[in-house]
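>>> The sequence and its predicted three-dimensional model are supplied below.
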Amino acid sequence: MARVLKNRFHCFAGKTTILLLLSVVFFFAPLEASAQRRFSKTYPATRNVRLTLTNRSGTVTVEGWNRPEVQVQAYMETPAAAVNPQVVDGTIFINMVKDNYGRGDIGSVNFTIRVPFDAAVDIETKVGNLNVSSVRGSLVRAKISSDGDITLTNISAPMVSAENGIGNIFFDGDIQSGGIYRFTSMSGDINLRVPFNSSFKLVATAPSTRRINLGSFSGGNMRFIGDGRRVTGQVGDGSSYLTVTNQRGSIAFIRR
Amino acid sequence: MNCTECQENISSYLDGELDEIGSANMRTHLSVCAGCAKLCEDFSVILESCRDTVPSEIIPPNSQALWCRINNLIESEIKPEVVEEPKKSLLSRGWNLTFSQAGAAVLAVAMISSLLTVVGIRNYFEPSGEDFTSRSRASQTTFEKLLSKIGLTDTPQQAREKRIKEQQAAIDYWNKRVQQRRGQWDAKIRDAFDRNLNLIDESVSEYTIILQENPDDDLTGEMLDTVLNDKMDLLREFSDL
């Protein structure tokens, strides 16, 4: 009987401890949530509006939408950074580096920005992921100075550039005639998903791994040079230029 | 009046320019001196003939040409006699060149100016990685090899070394800036920066070793140039944080 009571006591004590811990977690959780500040503003957009964003740290997501306006939402971790977008000649400038110059320890800022489909998008960050989707403007440029993945989906632009340090690059979009497409990474995988009927001149280089998978685009017009470190060639009538360089990672083409 | 005074005044006397006293003295002397009288008569005849002659008969048909001929004749007589010198060399002969010599000279000038233009343009424009840094001896054209041999352009190795030195200087500059700033970065930024810099340095080391073993490896030269540029960019972009 005494053993049963002792067991029940231990069980009760264990449950109490769990409840206490949970209450502590729930007590501090709202504090964490309230530490994040939010910025939101909508700007009327002219035709072919351009977004130029320089972030310091955090994830940036840009989505095309069917409205003639640009909506900027920023979620700032503490210590909160200053966000001060400027509109000059139809271009929306957001420069988190300049706006917070001299401030050493500031939290990451995560952006969600919605732009008209025909907007030109030029975004870069020092650290963090960049995502762009459903954009058909004149330019899509995404650059990460150090760590981070770049994901470009449903893109139809004549000029596309994606560049990062350590991280993957994924592109899913059209290759337009006369376009220039450039993908560069130090380390990570570069995966390009393009329509089968695309036409381009290709220079793909993977000097360390030599892992270049052309998929459906391999064929007679492709030539491996430099002991398999580089592939050059032409697909279709070669009306656009596609340059892919991955210093220490792989390159792969996927047919769409 | 003596004969000398009379002969000095003959012309004035015949022109009627002497006063009454002078004219009377002249007449007195001429009447007593046969020599002076004869001279006065001659002068008088000459004056008469001049007055009667038509001016067109005096002026030659092409007076300009006549004066030129006279002038040339006078000058040729005045010029000192030129002493004949021994035969000179081609250079000391001045511009007295034959047609073939002139042609060769023009060709030489054209070639030298073309070479200088090529060298000037190459030095003026910033060399791209593909043109200089990444190129090996094997991919040089004959013309480029010739320029390299005569010292007008750098060999690919020299160009690569020069380029790497320039890049290294820029890297050192930005690195100093980064060192001044990195104390203010948070841990996340610092880790990301260090990780990427280490990765780039690994690639630089690998490519440098490959190039030491095989200096003609164009692709590795190009990749070395690329990663050095990446390093420069990384440092520059983090220097403003």
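It's in. Numbers count the residues shown, from 1 in each chain, chains lettered A, B, ... in the order given.

>>> mind giving me the domain ranges of chain B?
Following automatic domain parsing, one gets these domains for chain B: B:3-50, B:112-238.

>>> how about the longest one against chain A, any contact?
Spelled out, that is domain B:112-238. Yes. Using C-beta under 8 Å from any C-beta of the partner chain, domain B:112-238 reaches chain A at B:183-186, B:188-189, B:192-193, B:195-196, B:199-200, B:203, B:206-207, B:217-220, B:223, B:226-227, B:230, B:233-234, B:237-238. All C-beta atoms are positioned from the backbone trio N, CA, C, and that covers glycine.

>>> Using neighbour counts, trim the residues you listed to the buried set.
Buried members of those, scored by 16 or more other C-beta atoms under 10 Å in any protein chain shown, are B:185-186, B:189, B:192-193, B:196, B:199-200, B:203, B:206-207, B:217-220, B:223, B:226-227, B:230, B:233-234, B:237-238.

>>> mind checking how far the residue in chain B positioned nearest to chain A is from residue A:106?
Using C-beta to the nearest C-beta, the single residue of chain B nearest to chain A is residue B:184, 3.0 Å away. According to C-beta to C-beta, to the nearest Å, residue B:184 and residue A:106 sit 10 Å apart.

>>> low pLDDT regions in the chain?
Looking at chain A here, since you left the chain open. A:1-36 (pLDDT under 70).

>>> not quite, I wanted chain B
B:51-61, B:78-96, B:119-145, B:148-149.

>>> Out of all residues in it, which is the farthest from the middle?
residue B:32 (81.0 Å; C-alpha atoms, centre = their mean).

>>> circling back to that earlier point, deepest of the domains of chain B, which one?
Mean neighbours per residue, mean count of other C-beta atoms under 10 Å in any protein chain shown, is largest over those for domain B:112-238, with a mean of 16.

>>> and it, how far out from the chain's middle?
Relative to its parent chain, domain B:112-238 has a centroid offset of 38 Å by C-alpha atoms, centre = their mean, to the nearest Å.

>>> just stretch B:3-17 next, same as before
67 Å.

>>> Please apply the same query to stretch A:210-227.
The answer for stretch A:210-227 is 27 Å, by C-alpha atoms, centre = their mean.

>>> Give the buried residues for it.
For stretch A:210-227, by 16+ other C-beta under 10 Å, it's A:210, A:212, A:214, A:217, A:222, A:224, A:226.

>>> Show me which pair in these is furthest apart.
Largest separation among the buried residues of stretch A:210-227 by C-beta to C-beta: A:217 and A:226, giving 19.1 Å.

>>> got the contact list for the closest residue to chain B within chain A?
Closest approach of chain A to chain B (C-beta to the nearest C-beta) occurs at residue A:104, with a separation of 3.0 Å. Shown in contact with residue A:104 (C-beta atoms under 8 Å, 6 or more residues apart in numbering or on different chains): B:183, B:184, B:185, B:186.

>>> Report the contact partners of the second one.
This means residue B:184. Here residue B:184 is in contact with A:104, A:105, B:241 (C-beta under 8 Å, 6+ apart).

>>> Please repeat the previous calculation with a cut-off of 7 Å.
Counting by C-beta atoms under 7 Å, 6 or more residues apart in numbering or on different chains, residue B:184 touches residue A:104.

>>> Likewise for the third one?
For residue B:185, the contacting residues are A:104, B:241, by C-beta under 7 Å, 6+ apart.

>>> Show the subsequent helix or strand relative to the helix or strand containing residue B:6.
Residue B:6 is part of helix B:3-8 when elements are defined by DSSP states H and E. Next along the chain after helix B:3-8, taking DSSP H and E as the criterion, comes helix B:10-15.

>>> For that next one, which outside residues touch it?
Here helix B:10-15 has contacts from B:18, B:23, B:26, B:39, B:40, B:43, B:44, B:47, using C-beta under 7 Å, 6+ apart.

>>> mind running it again at 10 Å?
The contact list for helix B:10-15 (C-beta atoms under 10 Å, 6 or more residues apart in numbering or on different chains) reads B:6, B:17-19, B:22-23, B:25-27, B:30, B:36, B:39-40, B:42-44, B:46-48.
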